[in-house]
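Enquirer: Need a 3D model of the sequence below.
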Amino acid sequence: MKFHVVRPRELSPELLSEWRKIQNSDPVYRSPFYSHHFTRAVGQTRSDAFVAVIEIDGKVAGFFPYHRIRRGVAKPIGGPINDYQGPILTPEIDITPAELLAGCGLAAYDYNHLPVSMTSFAADAHDYSVSPYMDLSDGYDAFVTSQSSKWSKAQREARRRRRRTEADIGPITFAFNDTSDASYLHHVESKNALFQKLGVKSVLDVAWVAETLDIIRKIDEPDFAGMMTTLHAGDKLISSHFGMRCGDIWHYWFPAYDLSLSKLGPGIALLNEATQRADEAGIKIIDFGRGKLDYKVLF
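Expert: The predicted structure follows:
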């Protein structure tokens, strides 16, 4: 087993092709966070970003993207904005965390959300959590028929709020992929206002995060794209979301809404539109990432 540590920008077209093959070979890597596009976007904004290319008998067997910080400690690539972490490995490779660290010349790997299927890392886990997702593989209608009365009640309330929104503000229009700069800037302002209300520091105000997201939102490839989704009532932008698509997986990442309209549920309204029209965008899975917020569990 050999390790070659390179900068993300140094990955050749051949290595990127091998990365895609490995990612597509295992459903656990379906998330956009395991795409080389995400790693390379972060690599453009962070000088401490590296990728270990793992080879066995001269063949590529995996990739391990990370940030190298002080005293040889590695952090997941993308740090606080990365919901799914760890190496991207072929099914055949048998590697322990100790071997991975030694091969990269690292002392430790400080992660906080790694798939439970990576069993060799489980011994060092302190806790387990869930990552809710919405399966629309059989269509929205099929999903609805499988839901409980709690879903029906929530949707009745959502329809009531939608009618009130249209009556008070104007007709609702939805865009799955709004590419305008104005919409994105408005989205950042709305998200920062929400962070301020919660009394937490805005991750979007961190320079490298802002730069990374700006890079991602301009990527539109068949296997990866940034997606700015918006919901207007009349000419007013009432809610928005910035996320990533990887194939038919849409990662629900940074939602925002007009705080003055919170009683109308604009965030849920946008999510409802997205779920009902997911098939138009070729989306089969909506991944809400880590956490058990009420809306994630509901959907």
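
Enquirer: and residue 295, what helix or strand is that in?
Expert: Applying DSSP states H and E as the criterion places residue 295 in helix 294-298.

Enquirer: tell me the average confidence for that helix?
Expert: Across helix 294-298, the average pLDDT comes to 92.

Enquirer: do stretch 57-76 as well
Expert: The model assigns stretch 57-76 a mean pLDDT of 95.

Enquirer: Would you indicate which residues of it are buried?
Expert: Buried residues in stretch 57-76, defined by neighbour count with 16 or more other Cβ atoms under 10 Å: 60-68, 74-76. Using the backbone N, CA and C atoms, a C-beta is placed for each residue, glycine as well.

Enquirer: what's the helix or strand residue 167 falls within packed up against?
Expert: Using DSSP H and E, residue 167 maps to helix 149-168. Other elements packing on helix 149-168 under the criterion 3 or more Cβ pairs under 8 Å, 6 or more residues apart in numbering; DSSP states H and E are strand 172-175, helix 266-276, helix 294-298.

Enquirer: List the neighbours of the second one that are in contact with it.
Expert: Contacts to helix 266-276, defined as Cβ atoms under 8 Å, 6 or more residues apart in numbering, come from residues 134, 136, 140, 143, 155, 158, 161-162, 165, 172, 174, 176, 229-231, 233, 238-241, 250, 252, 255-258, 286, 295, 299.

Enquirer: Pull the distance from it to the chain's centre.
Expert: Averaging C-alpha positions (Cα atoms, centre = their mean, to the nearest Å) puts helix 266-276 17 Å from its chain's average.

Enquirer: same thing with stretch 79-89?
Expert: Worked out by Cα atoms, centre = their mean, stretch 79-89 lies 10 Å from the chain centre.

Enquirer: try stretch 274-291
Expert: Distance, centroid of stretch 274-291 to centroid of chain: 12 Å (Cα atoms, centre = their mean).

Enquirer: For that stretch, measure first residue to last.
Expert: 20 Å (Cα to Cα, to the nearest Å).

Enquirer: Likewise for stretch 114-131?
Expert: 11 Å.

Enquirer: List the buried residues in that stretch.
Expert: 114-115, 118, 121, 131.

Enquirer: Just name the shakiest helix or strand of this structure by mean pLDDT.
Expert: helix 119-122 (a mean of 80; mean pLDDT, DSSP states H and E).

Enquirer: next structured bit after it?
Expert: By DSSP H and E, the next helix or strand past helix 119-122 is strand 133-135.

Enquirer: Flag every buried residue along that next one.
Expert: 133-134.

Enquirer: What pairs with that strand, parallel or antiparallel?
Expert: For strand 133-135, the paired strands and their directions (DSSP bridges) are strand 285-287 (antiparallel).

Enquirer: For the partner strand, what does the pLDDT average out to?
Expert: For strand 285-287, mean pLDDT is 97.

Enquirer: Likewise for stretch 218-227?
Expert: Average pLDDT, stretch 218-227: 96.

Enquirer: do stretch 36-47 as well
Expert: 98.

Enquirer: How about residues contacting it?
Expert: By Cβ under 8 Å, 6+ apart, stretch 36-47 touches 7-9, 11, 16, 19-20, 23, 32, 49, 51, 63, 65, 67, 77-78, 82, 207-208, 211-212, 215-216, 219, 221, 223-224, 244.

Enquirer: if we go to 7 Å?
Expert: When contacts are defined by Cβ atoms under 7 Å, 6 or more residues apart in numbering, stretch 36-47 is touched by residues 7-9, 11, 16, 19, 32, 49, 51, 65, 67, 77-78, 208, 211-212, 215-216, 219, 221, 224.

Enquirer: Buried only: go through the residues you listed for me.
Expert: Looks like those have 8, 11, 19, 32, 49, 51, 65, 67, 77-78, 208, 212, 215-216, 219, 224 buried, using 16+ other Cβ under 10 Å.

Enquirer: Max pairwise distance over those residues: which two?
Expert: Spanning the widest gap among the buried ones among the contacts of stretch 36-47 are 19 and 208, at 22.3 Å by Cβ to Cβ.

Enquirer: which residue ranges form the helices in the chain?
Expert: For the chain, helices defined by DSSP state H occupy the ranges 13-25, 36-43, 97-104, 119-122, 140-145, 149-168, 181-198, 207-216, 266-276, 294-298.

Enquirer: Could you check the last one and say which residues are buried?
Expert: The reference is to helix 294-298. For helix 294-298, by 16+ other Cβ under 10 Å, it's residue 296.

Enquirer: ditto for the fifth one
Expert: Taking 16+ other Cβ under 10 Å as the neighbour-count basis, helix 140-145 is seen to contain the buried residues residue 143.

Enquirer: How far off centre is it?
Expert: Distance, centroid of helix 140-145 to centroid of chain: 24 Å (Cα atoms, centre = their mean).
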